[in-house]
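[1] Output the structure for:
(one chain, ligands or ions: 1)
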Amino acid sequence: MKITIDGPVASGKTAVGRALARRIPARFLDTGMMYRAITWASIQQQINFDNQDALAELTKTLNIEVILEDGEQILKVDGTDITDELRDPDVELNVSKISQVGSVRHELVSQQRAIASTGDIVMVGRDIGTVVIPEADLKIYLDASIQIRAKRRHDEMRRKGHRIDLENLVEEIKTRDNMDSNRKDSPLMSAKDAVIINTDRLRIDQVVNLILESIQKS
Ligand code: DC
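    Reported below is the predicted structural model:
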């Protein structure tokens, strides 16, 4: 069974996907972390974001490992755990820019397809139902209002010790939504046959239950 969950920034995809994978049970992959890893590495290596060739080379050669430990996704680059760094404000600010680069997407999509092909999986991202595994058994599109999404991300960042103004975050999320939805290469959109769920008034377990009901019906 392959299930895709797409949706905008902080719509609840990761929390829902992880909990759903545990219930099925299936593997879980949050593809956003892969785009974040490339962004983190390009900042570390001071690669100019306009240098498409250097970004393509980085994506091909970077040794990314995605590991599940107790249901939590850990990402290692060259053996070093950089999971916490992937939420750094400078990664947050630049990841939508990096994920517009066609060659970066092309390489990561092929890595994601290879992971999906080896068994049951819940895969979360922006283009999973539309581009990565359009043949999936069930496609979900999660949405929520901008205010709720900003509040969720704000709470999450505060828990991790980052101080950020809520209104700034609303603006940042709007900018990222805009870039993710309007990019040329596989923009964020719901697949035609996706089940659309608005998570504004739903807890994670309620969304998971709705998806489990959809699995039973499909
Ligand atoms: O879900 P997230 O916030 O961790 O995603 C980080 C960025 O990566 C987001 O701005 C869009 C991009 N992304 C993408 O383009 N395609 C995916 N499948 C997953 C994420």
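
[2] Only C-alpha atoms from now on, for both contacts and neighbour counts.
    Will do.

[3] near the ligand at all, stretch 13-28?
    No. Contact check for stretch 13-28 against the ligand, using Cα under 6 Å from any ligand atom: none in range, with a minimum separation of 7.4 Å.

[4] Contacts for that stretch, please.
    1, 5-7, 30, 68, 71-73, 119-125, 142, 204-205, 207-208, 211-212 (Cα atoms under 8 Å, 6 or more residues apart in numbering).

[5] Could you do stretch 65-78 as well?
    18, 22, 28-30, 33, 37, 62-64, 79, 81-83.

[6] Could you give the number of residues near Ser110?
    Taking other Cα atoms under 10 Å as the criterion, the count of residues near Ser110 is 12.

[7] Find the residue closest to it in space, skipping its chain neighbours.
    Sequence neighbours aside, Val132 is the residue nearest to Ser110 in space, at 7.9 Å (criterion: Cα to Cα, 6 or more residues apart in numbering).

[8] Check what pLDDT the one you found gets.
    The predicted local confidence for Val132 comes out at a pLDDT of 97.

[9] quick one: contacts for it?
    109-110, 112-113.

[10] Pretty sure Asp200 is one of the things Ile148 touches, is it not?
    Yes. With the criterion set as Cα atoms under 8 Å, Ile148 and Asp200 qualify as a contacting pair; they are 6.5 Å apart.

[11] May I ask which helix or strand encompasses Val16?
    When secondary structure is defined using DSSP states H and E, the element that contains Val16 is helix 13-23.
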